[in-house]
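Q: Starting from these lines, generate the structure:
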Amino acid sequence: MGMEDETRDFLVRIANTVSLVLLWMMINVFAGIYLELGFFEGSPSMKNILYYLFFLTTFSFVILHLKKKWKL
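A: Residues are numbered from 1 along each chain as shown. I've put the predicted structure just below:
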């Protein structure tokens, strides 16, 4: 007795969504906290500005990708 194709596709889509979001979050947490790009020391430096620009750009791409993936 196997799983129905629609149910399997739905669960795979959920797993892919969760893994993509977690990967995106881990990359940004690593860069923001471990590399200290998310913190300002007095005023924002060019590294901080580039980090936040990267953060917002990749966030918009992730959201657009997920909207496209979940469009039925």
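
Q: For burial, what's the neighbour tally of Y34?
A: By other Cβ atoms under 10 Å, 9 other residues sit near Y34. Yep, even glycine has a C-beta here, placed from its N, CA and C like the rest.

Q: what pLDDT does it get?
A: Looking at Y34, its pLDDT reads 96.

Q: could you list every residue that touches the residue nearest the centre of the chain?
A: What sits nearest the mean C-alpha location of the chain, by Cα atoms, centre = their mean, is W24, with 3.0 Å. Neighbouring residues of W24 by Cβ atoms under 8 Å, 6 or more residues apart in numbering: T58, F59, V62.

Q: What about these, which are in helices?
A: T58, F59, V62 (DSSP state H).

Q: sorry, back to before: T17: which of the contacts of W24 is nearest?
A: V62 (9.8 Å; Cβ to Cβ).

Q: ok, for the closest one, nearest residue in space, not its chain neighbours?
A: Spatial nearest neighbour of V62, chain neighbours left out: W24 (5.3 Å); criterion: Cβ to Cβ, 6 or more residues apart in numbering.

Q: Can you flag the buried ones in the ones in helices among the contacts of W24?
A: V62 (16 or more other Cβ atoms under 10 Å).

Q: Let me have the ones in helices among the contacts of W24 in CSV, adding distance to Y52 as columns.
A: Listed next are the ones in helices among the contacts of W24 as CSV, based on distance: Cβ to Cβ, whole Å:
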residue, distance to Y52
T58, 11
F59, 10
V62, 15
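
Q: So what does S43 look like in phi/psi?
A: phi -130, psi 160 (degrees, to the nearest 10).
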